[in-house]
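Peer 1: whatever this is, show me its structure:
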Amino acid sequence: MKAKRKRTVRARGTCRLCGSTDLVEVFSFGKTPMANAYVAKKHLKKTELHAPLTVNFCKKCKLVQLRDVVDPEVLFSNYLYVSGTSPVFVAHFADYAKSVAKRFGLTKKSLVIDVGSNDGVLLSHFKKLGMRIMGIDPAKNIAAEATKNGLPTLARFFTLETARVVATKYGKASVITANNVFAHTDNVKGFVEAVKELLLPDGVFVFEVQYLKDLIEKNLFDMVYHEHLCYYHLTPHIPFFKRLGLRVFDVEQVPTHGGSIRVYVGWDKDPHATSKNIERVLKAEFTLNKTPTYHAFAKRISDAGKTLRAMLADFQRQGKRVVGYGAPAKATTLCYALGIDGDMLEYIVDDSPLKQGRYMPGTHIPIKASSALYSDKPDICLLLAWNFADSIVKNHQQFIKNGGVYILPVPTPRILS
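Peer 2: Just a heads-up that it's a prediction; the model follows:
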């Protein structure tokens, strides 16, 4: 009998946290390509995978989540995003490691495990502080490079089986971190069961995710793409972790990705006091628990698209040449949601050598090194990597001195003066 073929894309009809079927669609971007599937020149004529990008709201626990699931092997096994190319992220992770190590009294005996460890930038800072470290990441190319650089990384998806393998070989962890990857998980319960398998009795699970409240209030719609299956706020997490014998004892708001939350989780009976931050954040989230919030959000996205297209068309009528800066995954969603294509952007510059020489998913806009801003001298630069706008503008003041103009696309399109 033939084995059942795994579907590349499937629609999910139950909530990822509470299992409810009481889901309602709140907005959709139609079918889009995979946000990180940058195209090599030799593959430009190949058909690219597109999948629906439809967002559901759970009326029971209030989780906002994608309806459709793309096979994670397709999304993550060969990955081109690395955190270490961004000085902003390097500094963020250095502070993160120092804060966690100090708060929980980590020592040289402590094991820190980072799930979705990428190039190991966070682990490198724990290593400098003297802790034992272990990374887990399914991207074989990046895991191999991190291991070569002295940051041991297991190239596997994080499952209960993986957790048992790691626990047997390395022991259990004082701290398990998961940064942005927790939102990438379809089987959230299975992920947390794996955390429980690896966590010491006094251990802490710390995860960072882009915060739904910032996403909605700042109109950061381009954070919605197939890797991000869940758009988290704190409200649905309290009962979810309680059902699994764990407890959320603190939450912090941090500036990464336009606004994120760092959530601290321990065992239900551990000694960590519940922070007053929990009640404060929950009270501020009341609008996120109502569907009209998301219908209004969809209207703002549509309005932003009209504004930006009109702005770029006006520049082109003046004979101005327009390019983009930054080819993060969210740039794919931004281009599709706002109707931006290769007729509007000649090319995009990016600081990652892994992306340079490739083409954007779907639109096939070329990606070049940032030196093109000076050798080619375009007139207008759309900041697709808007979360790094300050550092980009600071590092490329010469572009402005040469007469160049920057455009920030969110929360509403505007020219930076």
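
Peer 1: by contact count, what packs against the lengthiest helix in the chain?
Peer 2: Assignment by DSSP state H gives helix 292-317 as the longest helix of the chain. Helix 292-317 is packed against strand 23-33, helix 212-217, strand 322-325, helix 329-338, strand 380-383, strand 405-408, with contacts defined by 3 or more CB pairs under 8 Å, 6 or more residues apart in numbering; DSSP states H and E. Bear in mind the C-beta positions are built from the backbone N, C-alpha and C, glycine included.

Peer 1: ok, the third one: who's next to it in the sheet?
Peer 2: When sheet partners are counted by DSSP bridges, strand 322-325 sits next to strand 348-349 (parallel), strand 380-383 (parallel).

Peer 1: so how far is that strand from its chain's centroid?
Peer 2: Remark: strand 322-325 is offset 22 Å from the chain centroid, using CA atoms, centre = their mean, to the nearest Å.

Peer 1: can you pull the alpha-carbon coordinates of it into CSV?
Peer 2: Output in CSV follows, covering the C-alpha atoms of strand 322-325 (Å, rounded to 0.1, in the frame of the first residue of the first chain):
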residue,chain,number,x,y,z
VAL,A,322,12.2,54.3,-7.4
VAL,A,323,13.9,51.4,-5.6
GLY,A,324,13.3,49.6,-2.2
TYR,A,325,15.6,49.1,0.8
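
Peer 1: what is the burial count for Ala372?
Peer 2: When neighbours are defined as other CB atoms under 10 Å, Ala372 has 18 of them.

Peer 1: and it, how far from Val349?
Peer 2: According to CB to CB, to the nearest Å, Ala372 stands 5 Å off from Val349.

Peer 1: what's the answer for Gly258, then?
Peer 2: Separation of Gly258 from Val349 (CB to CB) stands at 21 Å.

Peer 1: higher neighbour count, the two?
Peer 2: It is Val349, of Gly258 and Val349, that has more neighbours when counted by other CB under 10 Å, with 26 against 20.

Peer 1: enumerate every residue touching that one.
Peer 2: For Val349, the contact set (CB atoms under 8 Å, 6 or more residues apart in numbering) comprises 323-326, 367-373, 381.

Peer 1: name the SS class of the closest residue to it other than its chain neighbours, please.
Peer 2: Leaving out its chain neighbours, the residue that sits closest to Val349 by CB to CB, 6 or more residues apart in numbering is Ser370, at 4.4 Å. What DSSP: H, G, I helix; E, B strand; the rest coil gives for Ser370 is coil.

Peer 1: and for Ser370, the neighbour number?
Peer 2: For Ser370, the count of nearby residues is 17 (other CB under 10 Å).

Peer 1: that one reaches Asp350, doesn't it?
Peer 2: Yes: counting by CB atoms under 8 Å, Ser370 does reach Asp350; the two are 7.2 Å apart.

Peer 1: any common contacting residues for these two?
Peer 2: Tyr325.

Peer 1: contacting residues for the residue nearest in space to the middle of the chain?
Peer 2: In the chain, the residue lying closest to the centroid (CA atoms, centre = their mean) is Asn180, at 4.9 Å. Residues near Asn180 by CB under 8 Å, 6+ apart: 116, 208-210, 257, 260.

Peer 1: angles on the backbone of it, please.
Peer 2: Main-chain dihedrals, Asn180, degrees, to the nearest 10: phi 70, psi -30.

Peer 1: any idea of the pLDDT on it?
Peer 2: pLDDT recorded at Asn180 is 84.

Peer 1: for Asn36, same thing?
Peer 2: You'll see Asn36 listed with a pLDDT of 88.

Peer 1: buried set for the longest helix of the chain?
Peer 2: Residues of helix 292-317 classed as buried: 293-294, 297-298, 301, 304-305, 308, 311-312, 315 (neighbour count, 16 or more other CB atoms under 10 Å).

Peer 1: what's the answer for stretch 202-219, then?
Peer 2: Neighbour-count burial for stretch 202-219 flags 203-219 (criterion: 16+ other CB under 10 Å).

Peer 1: secondary structure and distance to Leu408 for the contacts of Asn180 - can I get that in JSON lines?
Peer 2: Shown next, in JSON lines, are the contacts of Asn180 (DSSP: H, G, I helix; E, B strand; the rest coil; distance: CB to CB, whole Å):
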{"residue": "Gly116", "secondary structure": "coil", "distance to Leu408": "29"}
{"residue": "Glu208", "secondary structure": "strand", "distance to Leu408": "24"}
{"residue": "Val209", "secondary structure": "strand", "distance to Leu408": "23"}
{"residue": "Gln210", "secondary structure": "strand", "distance to Leu408": "18"}
{"residue": "His257", "secondary structure": "helix", "distance to Leu408": "16"}
{"residue": "Ser260", "secondary structure": "strand", "distance to Leu408": "19"}
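
Peer 1: nearest to Pro52 among these?
Peer 2: The nearest member of these to Pro52, counting by CB to CB, is Gln210 at 20.7 Å.

Peer 1: low-confidence ranges in the stretch 301-417 of the chain?
Peer 2: For the stretch 301-417 of the chain, applying pLDDT under 70 flags the ranges 417.

Peer 1: endpoints of stretch 107-116, how far apart?
Peer 2: With CA to CA, to the nearest Å as the measure, the ends of stretch 107-116 fall 23 Å from one another.

Peer 1: who's in contact with that stretch?
Peer 2: 106, 120, 122-123, 126, 130-137, 158, 166, 170-181, 184, 191, 195, 198.

Peer 1: drop anything exposed from these.
Peer 2: Neighbour counting over those (16+ other CB under 10 Å) leaves 106, 120, 122-123, 126, 131-137, 158, 166, 170, 172-181, 184, 191, 195, 198 as the buried ones.

Peer 1: next one: Pro87 from Tyr264, what distance?
Peer 2: Separation of Pro87 from Tyr264 (CB to CB): 26 Å.
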